[in-house]
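**Q** Any chance you could fold what I've pasted below:
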Amino acid sequence: MVSHSELRELFCAADAVCFDVDSTVIREEGIDELAKFCGVEDAVSEMTRRAMGGAVPFKAALTERLSLIQPSREQVQRLIAEHPPHLTPGIRELVSRLQERNVQVFLISGGFRSIVEHVASKLNIPPTNVFANRLKFYFNGEYAGFDEMQPTAESGGKGKVIKLLKEKFHFKKIVMIGDGATDMEACPPAVCIKRTNIFPVVFLL
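**A** As a prediction, this is how the structure comes out:
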């Protein structure tokens with residue numbers, strides 16, 4: 001386990017900090033909450049567990065889960081309005097401290113942009129600093145798939161986003177914080193920290 005002093009050094013040296021969202025910035029797994037809202041929770045939860053562990057390629061698992069859920073635009077909007085995600089205790093303070101130090105903060109998620117942008121707004125993170133999957137809908141609002149061209153739609157995608165950020169902004173050191181296999185795939189190019197280690201940092205920065 002990383003010591004508090006090592007964590008402080010990592011955060012103080014970082015040009016940018018990237019957070020996974022589900023079960024890291026928020027308490028929930030967004031796709032599981034959407035599945036619950038749409039009445040297919042049990043089947044989708046097991047697929048999420050396997051995907052997080054890396055047992056199934058991420059894009060295959062996402063395709064399979066969404067084919068079961070078939071969420072409409074209205075259902076996604078109602079989920080956010082009626083059951084908004086809950087921020088993990090300490091995250092608001094940590095993001096605020098980083099922003100006060102002029103550290104760029106990004107949200108990189110295998111979840112859905114509509115939900116992640118809602119979370120970002122609560123943390124004063126601009127939409128331009130959000131990387132997540134886009135759901136697609138037909139003109140009548142029915143589910144039409146997802147944008148498979150997004151890097152976050154596949155295994156290794158978070159690493160691709162971090163590489164892009166390094167090239168675009170010339171960051172020297174990026175810290176990635178998360179709890180799943182797709183987060184660990186981002187290291188390198190980022191320095192990875194498990195979610196359970198981060199929140200004491202709030203009191204150190």
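**Q** alpha carbons only for contacts and neighbour counts from here, please
**A** Fine.
**Q** Report the mean per-residue pLDDT for the lengthiest strand in the chain.
**A** Assignment by DSSP state E gives strand 104-112 as the longest strand of the chain. The pLDDT scores in strand 104-112 average 93.
**Q** got a list of contacts for that strand?
**A** The contact list for strand 104-112, computed with CA atoms under 8 Å, 6 or more residues apart in numbering, reads 15-22, 30-31, 95, 98-99, 116, 120, 125, 129-135, 152-153, 158, 161.
**Q** Does the most far-flung residue of the chain relative to its centre fall in a helix, a strand, or a coil region?
**A** Farthest-out residue of the chain from its mean C-alpha position, per CA atoms, centre = their mean: residue 140, at 28.3 Å. Of the three states, residue 140 takes coil according to DSSP: H, G, I helix; E, B strand; the rest coil.
**Q** dump the residue contacts of it.
**A** No contacts exist for residue 140 under CA under 8 Å, 6+ apart.
**Q** Against residue 80, how distant is it?
**A** 20 Å (CA to CA, to the nearest Å).
**Q** shaky segments in the chain?
**A** 1-4, 6, 51-54, 180-205 (pLDDT under 70).
**Q** That one: helices as residue ranges?
**A** 4-13, 30-37, 41-52, 58-69, 73-82, 91-100, 113-122, 157-169, 181-184 (DSSP state H).
**Q** Pull the number of nearby residues for residue 83.
**A** 12 (other CA atoms under 10 Å).
**Q** State the distance from it to residue 171.
**A** 36 Å.
**Q** Repeat that for residue 165.
**A** From residue 165 to residue 171 the distance is 7 Å (CA to CA).
**Q** what's the answer for residue 117, then?
**A** On the measure of CA to CA, residue 117 and residue 171 end up 23 Å apart.
**Q** These two - which one has more neighbours?
**A** Neighbour totals were compared for residue 117 and residue 171, and residue 117 leads with 20 against 15 (other CA under 10 Å).
**Q** tell me the contacts of that one?
**A** With contact taken as CA under 8 Å, 6+ apart, residue 117 is in contact with 127, 130.
**Q** now with 10 Å?
**A** Contact analysis of residue 117 by CA atoms under 10 Å, 6 or more residues apart in numbering lists 107, 123, 125-132.
**Q** before we move on, back to that, shared neighbours, residue 165 and residue 171?
**A** Contacts common to residue 165 and residue 171, judged by CA under 10 Å, 6+ apart, are residue 16.
**Q** got a list of what residue 27 touches?
**A** Residue 27 touches 21, 85-89, counting by CA under 10 Å, 6+ apart.
**Q** so how many other residues sit close to residue 102?
**A** Neighbours of residue 102 using other CA under 10 Å come to 11.
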